[in-house]
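Q: just to be clear, the model below is a prediction. Sequence and coordinates:
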Amino acid sequence: MKFNLKILLFALILISSCSPNRESLPAPERPEIVPVPDPLSESDIGSGAIPEVDGIKILWKKVLNATGYKIYRGEVKADKVEFNFYYDVRIQTGTADTFFIDRNVEFRKRYFYFVRAYNRDNVESQPSDTISFELYLKPRLISPGNNSQVSPDTLIFRWDDPNGGGDFVIRVKNAQSDSVIWISSFRSFSDFSVKFNYDSKAKGNLIPGLQYKWRVDRVQFGQSAGSKSNWGVFYVK
């Protein structure tokens, strides 16, 4: 019995030693971060502030043969940016895995981010480009109130800015098609209100019976900083 057991163990060791080793996979390609969009861009897709929550979104393009992404965050300390590993985004079927929302941030403080992809052997790619963003407090929408009915001829958008004013971008979209109706910039430090299409740049008229949505962004042109209000919804009568 002992002799047979020794033979079995020897055979298992021999098979194991003769099995070909799995080759290590090469490092994945470096991720490509989607930059912060221009405040007046119609697409509004990219990294930076988001309407849903107070946080900074980091968005990147999918990397083939990656099994996850590691987020590195940096802060300015002693006049230089110090980076540390911050979050692991694992690729899982049925879940979004090419963005990360950092909600653990302070307002009016600049944060820096880069992303590395990694494979099943935990071999990391070269770092992506570094982006930075400074989050502001969200503007608070006042009127039109949610689901209110308005007349297009007298429609005035009103909001409050806890940041104390500055540059704003107002967006109006068709709520069903998500198509842009009007985008306009506005600068103020006291009166946070503007009449719809005051600059005659609207792409079309507001149609009675349809539902629209609007948003106010607090922006810092050219500085990758700001915030986006929640969306408000209204109907045209």
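A: Perfect, I can see it now. Residues are numbered from 1 along each chain as shown.
Q: tell me the contacts of the most centrally placed residue in the chain?
A: Closest to where the C-alpha atoms of the chain average out (CA atoms, centre = their mean) is residue 57, at 2.9 Å. Contacts here follow CB atoms under 8 Å, 6 or more residues apart in numbering; on that basis residue 57 touches 47-50, 99-102. Every residue, glycine included, has its C-beta placed from N, CA and C.
Q: reformat these as TSV; add neighbour count.
A: Formatted as TSV, the contacts of residue 57 follow (neighbours: other CB atoms under 10 Å):
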residue	neighbour count
47	22
48	25
49	24
50	17
99	15
100	22
101	15
102	17
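Q: just the closest of those residues to residue 78, please.
A: Using CB to CB, residue 102 comes nearest to residue 78 of the contacts of residue 57, at 22.4 Å.
Q: and that closest one, bridged to which residues?
A: On the basis of DSSP bridges, residue 102 is bridged to residue 56.
Q: wait, isn't it in contact with residue 54?
A: No. Contact between residue 102 and residue 54 fails when scored by CB atoms under 8 Å: they sit 10.3 Å apart.
Q: for the record, mean pLDDT for stretch 225-237?
A: Taken as a whole, stretch 225-237 has an average pLDDT of 97.
Q: flag every buried residue along it.
A: Across stretch 225-237, burial judged by 16 or more other CB atoms under 10 Å covers 225-229, 232, 234-236.
Q: quick one on the thing from earlier: nearest to residue 88, of the contacts of residue 57?
A: residue 100 (9.7 Å).
Q: any idea which helix or strand comes after the helix or strand of the chain with the lowest mean pLDDT?
A: Every helix and strand in the chain was compared by mean pLDDT, DSSP states H and E; the lowest is helix 2-18, with a mean of 50. Later in the chain than helix 2-18, the nearest helix or strand by DSSP states H and E is strand 33-34.
Q: pull the residues that contact that following strand.
A: 45-47, 58-61, 113-115, 128-129, 131.
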